[in-house]
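Trainee: Sharing a model that was predicted from the sequence below.
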Amino acid sequence: MNSIPHNDRLGAASHLDTLDPRYYLAEELDVLPTPRSAIGQQRDPAESGKIRLLARVDASGRINSISVFDSDRTEDQNTAALHALRDTAFNAARRNGRPVRSEVVIELAAGTGD
């Protein structure tokens, strides 16, 4: 199984993270984290299948870690998806009106652009 741990190039943890160190699951959130732009994955028109990635997003919208949760793609396609998601900025999840850390499953389907 592929995974990408916290990448130092993403910078130090936000001061928002020190307020609540917990990662909230999707069902505990008022607002899920959303990508600020399209996830920049290169797609082969012949590519098929889906990949589900488990992502930890901090309270400022940066990815802290990503791993493959479920996939029917090749290892190379999984690695490309991990790198594309790692480079995507998110709007942070919200709970009780404030930004919080979150752990969510993100599904990418081939040929859909997301």
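Mentor: Looks like it arrived, so ask away. Since this is a predicted model, take the numbers as computed values, not measurements.

Trainee: List the contacts of Ile51.
Mentor: Ile51 makes contacts with 68, 70-73, 77-78, 81, 107-108, as judged by CB atoms under 8 Å, 6 or more residues apart in numbering. For glycine as for every other residue, the C-beta is placed from the backbone atoms N, C-alpha and C.

Trainee: Then Val105?
Mentor: Residues near Val105 by CB under 8 Å, 6+ apart: 26, 52-55, 69.

Trainee: Please pick the buried ones from the residues you listed.
Mentor: Among the contacts of Val105, those scoring as buried are 53, 55 (criterion: 16 or more other CB atoms under 10 Å).

Trainee: could the contacts of Val105 be laid out in JSON lines, adding distance to Asp20?
Mentor: Listed next are the contacts of Val105 as JSON lines, based on distance: CB to CB, whole Å:
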{"residue": "Ala26", "distance to Asp20": "16"}
{"residue": "Arg52", "distance to Asp20": "26"}
{"residue": "Leu53", "distance to Asp20": "23"}
{"residue": "Leu54", "distance to Asp20": "20"}
{"residue": "Ala55", "distance to Asp20": "18"}
{"residue": "Phe69", "distance to Asp20": "24"}
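
Trainee: neighbour-wise, which of the contacts of Ile51 leads?
Mentor: In terms of neighbours by other CB atoms under 10 Å, the contacts of Ile51 top out with Ala81 at 24 neighbours.

Trainee: Spit out the contact partners of that residue.
Mentor: By CB under 8 Å, 6+ apart, the residues touching Ala81 are 41, 51, 53, 68, 73, 108.

Trainee: can I assume Ser102 sits in a strand?
Mentor: Yes: assessed by DSSP: H, G, I helix; E, B strand; the rest coil, Ser102 belongs to a strand.

Trainee: What distance do you get for Ser65 to Tyr23?
Mentor: Ser65 is 10 Å from Tyr23, where distance means CB to CB, to the nearest Å.

Trainee: Which of the helices or strands spans the residue at minimal distance from the centre of the chain?
Mentor: Taking CA atoms, centre = their mean, the centroid of the chain lies closest to Ala55, which sits 3.9 Å from it. Using DSSP states H and E, Ala55 sits within strand 50-57.

Trainee: That strand pairs with which strands?
Mentor: Sheet partners assigned to strand 50-57 using DSSP bridges are listed as strand 63-71 (antiparallel), strand 98-109 (antiparallel).
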